Structures are given as C-alpha cells and as structure tokens.
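1. coords below, sequence missing:
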C-alpha cells in the first residue's frame, strides 16, 4: 500500500488513464475489448475530393450563382431611391439658418423646407428613412447606455435606472430618475419630416405618412413595454420621472394621438433604440402606403420636404438625410449582393473551366485512379 | 530532478564525511559510557503535498505558476477591475472550470496519499523495549528501536537484521514495491549475536542515509563483558529496506537505522521529471506570435483611439460619465489598452489548453485499448504512463534500443559447449530442452573427445559456479537457498535481477540471470544436476547418481567491470577449488595462455553466430593461498570506506593464473518479428542504435540477425581492439580513427539532406558504426577540453551518417550519455529509448520518449517508462500508426485552434475602426463565451480523436509515410503562416462581406433596418459555419461520431441562437439579441450573404484540394514504376498544400 501511494504521479498534468500504480499487483487479465470504437475501426466514410467530384460542384455553383446574382442586381437596380441631404452645411441650402442658429433651449422650432423632384414615379409601398452620417451609435459607451428592464416596464428600474445610463441616469437638477434613461434615448432623433406633393396644378397636397409598422414586431410588443397598469393614464405611470435632458417633451407625449404608439412603445423611439452597426446609417421613419388604385404611390414631380429642425449634427460634422426608397424582397437598394454573387459565380465557373482543362490535359490517363472506390 | 541531484550531492557528501552511530535498543555502549540519545527524524512518512489548511492557497499558487493559467488569471482580473467590453464571466467561467477540475483531481490524489500515509504511519508494529514487546504506531519508531516483523509484513523502516526465526540466520524478502523485482532475496543476520536481544549491547556505525538501494556500508560494535568490542561488517545483505516484504520467515528482529523520510525508499521517491513534447514547444512558439499579434492589435487600437478622439471630441449625444472625466489621462490610456487586450484575448483561448489536454488524455486510451498490443503470454496490453507524449511518438528520429530482452527474447538456451577445444553439441531433439533431466541412463551422449576428467570438471564448474537457487515445489517450504548478492546476468551490467520460473513440476531454478539457468540446465542435460545449497553446502548429483557435496567458501560476485564471477568451494576431499566464469575478454588474460587459442576460435565462431559465450576456468588453491585470500576477503568486506574498490582488488588478485577449461554458448533468441520491425522503423526514416552491455561479437551478430547491419554494410569499428592495433598510444589511434571514419562517412558521402525527405543515399555506401564503452568514454572524456569537444562532434557526425550504430559494453550511465549526446546535437532530434531492464532506466528517462518492454527483467523499466508495451514488435504499430495519427491529429488541432480564433477575433478588431475604437464588441457576450466552449470545440475534439487521414493498415504497410511528418512537418512556420493567412482571409471576408451588405441596413422586405447586433450575429453565423465546414473539409475519416458532432454543433448553434434570442432573460442587463437571430433569418439578404461568404471562404480551400489532388497517386505511381520524374506542375504546386490529405488516395 505504501508503494502505491508513492507511485501516485506528482505532476500537474493529467493522470494517464491507465493505472500508474506500480507494485506487483496482479496483472489485469483484461484483454482489450474488440469493439470497433476502441480499435479505431469504426466504419467511416472517407470522402476524397478529387477534380472529378469537385469540378461539377464548381459548375453547379457557377451556374446557380450567376443567375441569382443577375436577379439580385436587377432587383436592386429596380429599386427606386431618392436621397435629400438637408443638413444645411452649405450657405445656400435651405436649412442653413436652422443649422447655424441652433440652440438647445429654443422655444420656437426652426422649420425649413427642401424641394426636390422625383423624375420617376415610385410604385408600391414607399419607405421614408432618415439617415445620419458620422454618428457613432455603435460607440461602446453609447451602446450600453440604456436600461432594457426600464424599457420593459419594470417599475423598479423606472425609478432606479441602471448605472449604465450614466451620465443620463438622473436629472442633474431635480435628481429625478430619467425615463427613458441613457445616452441612446437622450439622443432620440427628433426632427419632424413632412412630405408635400406639389401637384402640377400648383396645389400642394400632404403625403400621408404612416408611423407604425416601422419597428420590429417583437420589440414593439415584448421588449418595450410601458410601466404600470394599462388602464392608468400614461402621464400617471411616468410620474416621478424626468424627461431626458435633450428632449423637448416627456416620453408620454411622444405621440399623444395614439396610445398604442406612446411612451416606450413609440415606434420612432424603438427604431432609434436599435443601435446602428456603422457610423453612417439610416433608420426607417415613415411608410407611405401604396394607393388602392393603380396610381403610383409617389408620382413623379415636385415634392416639398418640410423639416422641423431640432436635431443638431454639425457639432460632430454629421449629415442628415431623408431617403425615399421602395423595397424589394431583398430589402433596400444595395447592388453589393448582386455584384458579389455574379463575381463569385463567374469565378467558380471560370475555375471550373480552367480545372477541367488542366484535368484533361495532364490527367487523361489516370482518371480511374481519381475515382474513389 | 533537482531534488535528486541535491540528494545525491548532499547525501553523498554527508555519507562520506559523516557516519551515524546507532545505539541498539537505546543502550549506552560501552555500558559504562554516558548515553546521549542522538537526534534522528521519526518514522513518519509524509508523501502528501497539501493539508486541509494550505490546500487552497498552495494548490492555486501551483496552478497559477503555469504560464497559461496565469495569463488567463490576469485577463480575468483586468476584466474585474477595469471597465472592459466583455463581462468577467466570459473568461472567468472557463478559467474557473479548468482550475476547479485540476484542483479536484489533485485534491483527490492528495487525499489518496494522505490515506496511504495514515495507513502506513498508524500501522501497529511490535517494538522490543527492555525485553518486553510493545505495540507501537509505525510513525513512532525511533532510530535504535528493535523492531519485530512477522511474515508477510512490510518493514516499517530500514532495519539491520539481528535475529531471524530461521535456523540459518537468514530471511527472505521481496522488494517488489521498491524496484519491481519479485524474486525472493535472502538477507543475513549479523553473525554471532546473543540469542536474547535484551542483553545485546552494541552500536552500529553506518553511513548517512543515501538513496542507492543496493549500497550500504556499516559496522557493528558488540560489547561483551567489557572486552574490546567485536566488530562485524554490515552490508546491504544485512539491511532490510522499508517497503520490502518479509517472506518465508516467521519473524525477524531488527534494529532501526534509517527512519521516516530518511529511509532509502523515501529517498528514492521522486517525481519523474516532466517531459515536454515538441508539439508543446511549437504551441508555445505560436502562442508568442499570437501574443504579439494581440498586443500589437491592442496598441494599434489604443493609439488610434486617441488620435480619433482628438478629432472627434466628446459629442453631445455621448457624454462621458463623471468618473471617466476625472480619470487621469495616462491611466485612462492604460486601462484602454487593457480593455483592448481583453476584447481580443479570445485569440489565445483557454479552451485550447483544455482541448489539448482532453485530446491527449482521451487519445491515450486508444493505445491501452489496442488489442494488437495485447500479449497473450503475459496477459497484458500496452500501458500508458503519461499521455503528454502521444504525438511525440510520431516524431521519433533516433531509436536507442537495448539488446537483451528487447531485440532478443532473453530466453536463454544452452546450445553447445566446448571443452578443451572440443566442441560438444547437444544432438538430441529439442523436446528435452526445457530443463528436464533424465538422470537415469546416459541419454545424452557427449562425444568423447576431451578427457572424461576434463568434461566432468567442466560440468562441475557449470554446476557450482553460479548463484542459482533451486525452487522446490510449493509443498515443501523449507530451506530454499539462494543468495542475496549483486549477481548479474552477463549482459545487463546494471542491477538487474531477473526472475525466471520455468514451468516445472519438480524442480525449478531461480536466478537473476537467465544465462545461469541455461547453464545449469545445460549441465543437467549432460548428467550433472545441481540439487541446491544447504547451509553453505552445495550439492550436485553427478553422472553416477552420487551426490557430491561442496562447501561454499566464498562467492566472488559478478560486477560489470570485471565481467566475471567466481566461487570458492571445498570438496569432500578437502581440495579448495576456484571456479570462474565470465566473458572471454575478461577470462583470457587471467588464464594460462596455452589453452586460450584453441578455445578462442570456438568462442569467436559462436559469437558471430549470435550466441552468448562464457568461458569457464578453474584453479586449485593451496591451503596457504586460500588462507590469504580468505583473510583478504574478510578484511575487505569489513572496510567501511572504499569497500568496493578493496574487494575488487582482492578479487582480481585471486582470479589469476587460472586454467581455462572450456566455453559455453547460449542462444538468445530474437524477439518475434524483430527484423521486420527494425526494417520498418528504418524505412520510416528512424535511425536505430543498439546500446547494449553485451560483448561486441554477440551484439554484432544480433544486429546482423535483425537486419540492422546488412551484407553490404561497411562497418566502422571504434573499439579497444581497433584502438590497440598499430602499436601507438590509444589517444593517437583514436584521433586517427575518428578522422578516418569521419572522412569516409561524412565528407565523402553525398550530402544527406536534412529536410522534409530524409532519405539517405541509397546508392552510396551503407555504414555501420561500432563503438564500445571504453572507447566511448575516451571519446567523451578526452584529456583536453577542446579535443573532447572535437571528438564528440566527430563522433556524432559519423554516427549520424551511419544507418545503424552499435554501442556495446555500455554501462547504464553511458547509455544515457549517448542518448543525451544525440538529444542535444544539432537540430535536437527526437529520441526514443526502448528497453526492458533496470539498466535501461537511465536511458529511458533521458530520451524524449521512453518505452518499457514488459519483459522478464523486472518491471523497473516499465515503471520509469512513458509507454510500456509487451513486445518489441508492438513498437512498429505504436510509432507508425499511433504515433503518426496522434501527431497529425494534434498538429491539426493546434493549427486549427489558432486559425479559428484568429478569424473569430479579426472581425472584432476590424470593427473597432468603425466604432470609434471604443472597444465595442462585435458579438454578444454569450457568443464570445460559447464560441470556443460549445459551438466549435466538439468537432475538432472528435476530429483529433478519430481522424485517420490514412488508415492504419496503410500506415503500417508503407513505413515511408512516417517520413512525411518528420521534423515537426505539420507545425512548421510555413504551415503556421498558411493557417494564419487563411484565418486572416476568412476574417476579412466575414467582416467586409457583411460591412458592404450593411451599407444599406434596410435588409428586410418590410423596410425595417438591422442594428449592430444583427451585424455581429450575421458575422458570427458565417464564422461558425465556415470554421466547422473547414474542419469538415479536412476530415478524411467520417465516422458517425464526426457526423453527429459536426452537424450537431451547427444545429446546436442554430438552436441556441433561437433560444437565447427568444426569451427576455431576467438576469441580463441588456437584451441585445432579443429576436435578432430570428429576424436575421427572416431576411433573404442575410441568407444570401451567409451562403455567399461561407462559400467564398471555403473556395480557396476546395481549390487547393483539387489542385493537389490529382498528383498524389500519380506521383506515387511514377515513383514506384519509373523512378523520379516529377509531376510537370510540381513547381507550381503550392508549398502550403503539403498537408496530410496528400496521402488519402492510398487509403482504400
């Protein structure tokens, strides 16, 4: 017994599976099991990738990718997109004044209008985006500056938001908790965009912008919830909280007209809260429903974009855009996928041809050897 | 290792300088002197490392001494202290897991040790005190206590045997737990002691404790009635070692001389030094590269962050917190740097260490499970003592093999003898070779050539000159006589004690060397039977069936320097005879020269036939001569210092002027398939060196028989014989010979490429090199330092250019020296030592991989080895199949791990350029943590356990395949760069592919947009699928397990993502992934981009497979048929494609 204790290996590494205990202990009469696993003889499929098996794959990939690519490219090209930059950097741009005279606590909103012309009519549903550039919504301090449980309507978080929301956690003066807290909420995009169509006859008609259906369904219905009891008045439910410092109005007045779109479940708010991946991004703002008759949703012609200019971007060299776009099954306009598919498909096809030539030139006599048996 | 050295250093010095005095029974001696109890340590044994109190700190400390653990601890601490992008859980959890598992394992092992310690320490022993017997705990035994031990008990400490219940003052012990020898050894009581130990008054003077089990020098002073004290010498034969078992003896009494941690057993206890494999070294090198990448990434990001911040000052929408504003700028920079380190630290994954350990641990089971390694004879299979070296088996370049018991069976058979120059060959059928002797009737007729008298003298010599004991049938358990002495077989110069128990009904012989048994049996066949030894009387049954009795006067033990042994006996008639047997070279100088020539011829002929030869000589001693020899011997045995040297001198003086009677030839049969195995190993590019203690001729013949030397091999000999030719001094001759051989073998030989294909010039000469121990020591320890280095170099170069090297007459330490020499030579080749005896232990421990053969020479080699196999033939499969596969598996595992983490982290790094260097992670924390643990770990683990890129049969058949992976071929920098480049390419594809897609984040058909978490999830999905499919592409052996694990982990990823994103997790602060995955799948564009990117990433891989594919079989066909016309595209063939899949075509 002494011996075995002494033989216990004294090292940090692994103990080997078999007994290292020496001594003379009776030799184990165990013949190793003759199982396929233990003898490393499990039946196995031994694929051999040879030119013979891979070449067809190359052709198939090529032949599949090129049409898909063409389809994608055509689809993307058919998507109509119109972009208006209304930042107001250039002195002659309509929003120059608004941009320059911006102050945080101005009482009267600055309004500017941009006119533009659609040369082609936009069919089907048209989606209105706002786009920001050089806006780092993906900055780490920014991304984590939110309290998801507050947004989920948890009462305790409403009154005591997460530390991550600093420095937008409590109102510096009143010390009241901010709802919704955090940098993301605080910087909610609050320009108001309105679109008017200048009919050829000189009248202008307002284009109806639908403000629901722009956020993910699950966000709107599960992830974001107003605190408190549904029966109570929303103002009551947010009582004791302060509005984010940069907001003009409290959260329960985001959309007073529609109780299903007010408070935390306001879709503009939810869309904003989904932080963008890149510093130049666009977010869905409104949907212009297609008309029941066959007339285009947005006919070609002159349009007026009326902007309530609330959102300062010049301090960080940002740009603001309004984008009108139709949507296809693949989403918005993006030629990348189509081009990539066509390229990869062609490369595959080309390689297939090259390989075929090499294969036939050099290996004519040994085809049989390549076939796995 | 250090401890052993220290022990040796201090123990040795102390031993020489001091000795300890022990008062037997704590009585003052001489009685009138004052008794000062000396201080010695008590008999407590502590083998445990921890106590309950210090376990946690000590264990943690030891674990964090490992660089990897420490690194991860630092990362974890940084995550806890500094505000970092990922939660501490992501790195803390895996680290905690690893640490806990190791701690539990080590704790359990220590608990076992504690238990064993307690059992030993609390074991009750009887101690005689003042004539009474007291039961005491073993731990309480003090030096000087008289301890009583009963049959089958273990000795509680090192004891000097005072009294035995046996009449002849002997006792038997087995030392299996000490050195693995299971035969009974006889120990002797100190002569002429009082029968009642109560009245014994004596002191023992002995050396300080030292670890050598077989050395003990002491002296006992016995005080009787105020006379001058009697002095008795004490040797190892009087010392009973702690840990040994008393056998066949009812009880003994002994006095404790060494106790507790000072016992020889405790001193011999040391952890084996841990061997590290070449792969591990490669991993560490790669690790450094990745650490460099990591640090530079973090540095780049930190720098850019501050450059960026100088332009983009704090924006209104993203103000700093109060704390951030207050922090010191430089501290901030530093913590930013740390944060980036943490963000990118996944590039060096904890999980790789876990996976590598798991792979080694689990993988080693395949060796133990292999039924081809099962030997029906000993009913055992292979044994794995360490799993750390599995892959090293695939990298062996030099094999050092023992001869006896390894190449040969160590199964001796008496073949013939030569008496007075006449050859006697046993003519009868082999049926009687098993040792049965039919003593009635002259069945075995010796051709009457030599005089009958001579014959009988010779046979008597064979019967008397040995240390064999007769094993009687188990019923009569009485006087078994053997001798405990350092007897040695003729080959193994070390301390081997073999054990042979031939299946006999009536009578068996037990000896430490099989040669002796073969000789005794040989004599038996010719009519002289050794009956046994009874109280110093050797009995033999002669041809006439008379019992002759000889009194055994002295045994002059075998030792490796003299290489002979002798006995002195007194016959009935009162003649005193000395019989001596030994190697020819050691006998011939000691005998009268006239007989030598006749017998030398026979000996040399026998030696070239591969037999082991021994010469037998005798001498009459006159009464005076004997008296003198007797006195000398006794005196030398009493010497406290330099006893060995003095004994040796006496032996040499006595063993002179003998008369040569004859020689014997014993066949040492080759192991099964020894020749095929050697051929395969050489074909695999390994160089086989035979290191043996045996004589040159025998060893050479074995080499020929094994095919290590071939007919056309030109032998370069550097032995005493060649050195003494030419009549000049040995030094000069050595110099000349070395230069000459060097010129032949190295300079004139076409340069051998040391590279991917190690093929020595087949066309040129085949050289074999032979060196013996004496010459080697001259080479290694030449008088002048520059010369010695030069000789060493010359010697190495010659050896490395020879196909086979034979080193004969090696002492165990010299074997290790050679291994060390080669191990440390240029290029640090991987060495493997294989042996079966205790004399091979030193080289087994020295080599990179030590293999023990479960042979007949005890289990010491097995215990000290890394792997043990029953037979030599198993080495072939162990190296060519297991080693090859393990190497390929682990090499791929390592490369793949680095690759997959590089392309995992690279997008994260690139993302920093788009998020203002703010350390924003691209992936969710769950993905960061799970990537290495769940999503991608199982397929590679399964691959690294099951992959057979070439199936085992083919590997065994084509041993040249082994060369393809030589020199760490799969972990070279070139391949590492290839994998790194692949990782970077994939990382770039993943990131920028999605980046371009996100130039318009409106990816859903309802116009809704995706955010940053969708971005990360798409990249991550592509990543998981690509790395898994990349592995699938590399897998050449798809068992159901591979299918299950590969498709299973992909399915698990999808399932997990749904699950993770499907619930608002109450414990999470951020619900980042809520329905992100589901939404991603609802977007056609996301699908398309995922498919595109996976395909694009794998395209080059597939292309490479196809490009190199057609060549594999053709190249081989051409090589075998037409010689060496290279495939036309071979220059264009990418170097990097040289992976193992080349060979897959030969699989079926």
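-> That came through, no problem. Worth saying up front: this structure is predicted, and the values here are computed from it rather than measured.
2. what does the stretch 801-950 of chain B have sitting close to chain A?
-> Counting by C-beta under 8 Å from any C-beta of the partner chain, the stretch 801-950 of chain B comes close to chain A at B:859, B:863, B:885, B:914-916, B:918-921, B:946, B:948. C-betas here are computed from N, CA, C, even on glycine.
3. next, the buried residues of whichever strand or helix holds residue B:60.
-> Per DSSP states H and E, residue B:60 falls inside helix B:55-64. Across helix B:55-64, burial judged by 16 or more other C-beta atoms under 10 Å in any protein chain shown covers B:55, B:59, B:62-64.
4. quick one: name the residues of the stretch 301-450 of chain B near chain A.
-> Residues of the stretch 301-450 of chain B lying near chain A (C-beta under 8 Å from any C-beta): B:312, B:315-324, B:357, B:360-362, B:364-366, B:368-371, B:373-374, B:378-381, B:383-388.
5. can I get the buried part of those as one ChimeraX selection?
-> Selection command for ChimeraX covering only the buried members of these, criterion 16+ other C-beta under 10 Å:
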select /B:312,315,317,318,319,321,357,360,361,364,365,366,368,369,370,373,374,380,381,383,384,385,386,387,388
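6. what average pLDDT does the host helix or strand of residue B:786 get?
-> Assigned by DSSP H and E, residue B:786 belongs to helix B:785-800. For helix B:785-800, the mean pLDDT works out to 82.
7. in that helix, which residues are buried?
-> For helix B:785-800, the neighbour count (16+ other C-beta under 10 Å) marks B:791-792, B:794-800 as buried.
8. that one: what's the following helix or strand?
-> For helix B:785-800, the succeeding helix or strand toward the C-terminus, using DSSP H and E, is strand B:804-808.
9. just checking, what packs against that next one?
-> strand B:687-691, helix B:696-706, strand B:766-772, helix B:773-780, helix B:812-823 (3 or more C-beta pairs under 8 Å, 6 or more residues apart in numbering or on different chains; DSSP states H and E).
10. tabulate those in TSV, adding columns for mean pLDDT and mean neighbour count.
-> What follows is the helices and strands packed on strand B:804-808, written out as TSV (pLDDT from 0 to 100; neighbours: other C-beta atoms under 10 Å in any protein chain shown):
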stretch	mean pLDDT	mean neighbour count
strand B:687-691	90	26
helix B:696-706	78	23
strand B:766-772	85	23
helix B:773-780	81	19
helix B:812-823	83	22
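11. backbone dihedrals for residue A:198, please?
-> phi -90, psi 100 (degrees, to the nearest 10).
12. burial count for residue B:152?
-> 11 (other C-beta atoms under 10 Å in any protein chain shown).
13. can you select the buried ones from the residues of the stretch 801-950 of chain B next to chain A in PyMOL?
-> Filtering these down to the buried ones (16+ other C-beta under 10 Å) takes a single PyMOL command:
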select buried, chain B and resi 859+863+885+914+915+916+918+919+920+921+946+948
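14. follow-up on the earlier one: orientation of the helix holding residue B:786 relative to strand B:687-691 in degrees?
-> Per axes from the mean of the first three to the mean of the last three C-alpha atoms, to 10 degrees, the angle that helix B:785-800 makes with strand B:687-691 is 120 degrees.
15. for the helix holding residue B:60, give the mean pLDDT please.
-> Helix B:55-64 comes out at a mean pLDDT of 86.
16. how distant is it from the center of its chain?
-> 28 Å (C-alpha atoms, centre = their mean, to the nearest Å).
17. quick one: is it near chain A?
-> Yes. Against chain A, helix B:55-64 shows contacts by C-beta under 8 Å from any C-beta at B:62-63.
18. can you name every helix or strand that that helix contacts?
-> helix B:67-81, helix B:88-121.
19. weakest of these in terms of mean pLDDT?
-> Looking at those, the bottom one is helix B:88-121 with a mean of 80.
20. quick one: the helix or strand just after that one near chain A?
-> Using DSSP H and E, the helix or strand that follows helix B:88-121 towards the C-terminus is strand B:124-129. No. Strand B:124-129 is not in contact with chain A by C-beta under 8 Å from any C-beta; minimum separation 13.2 Å.
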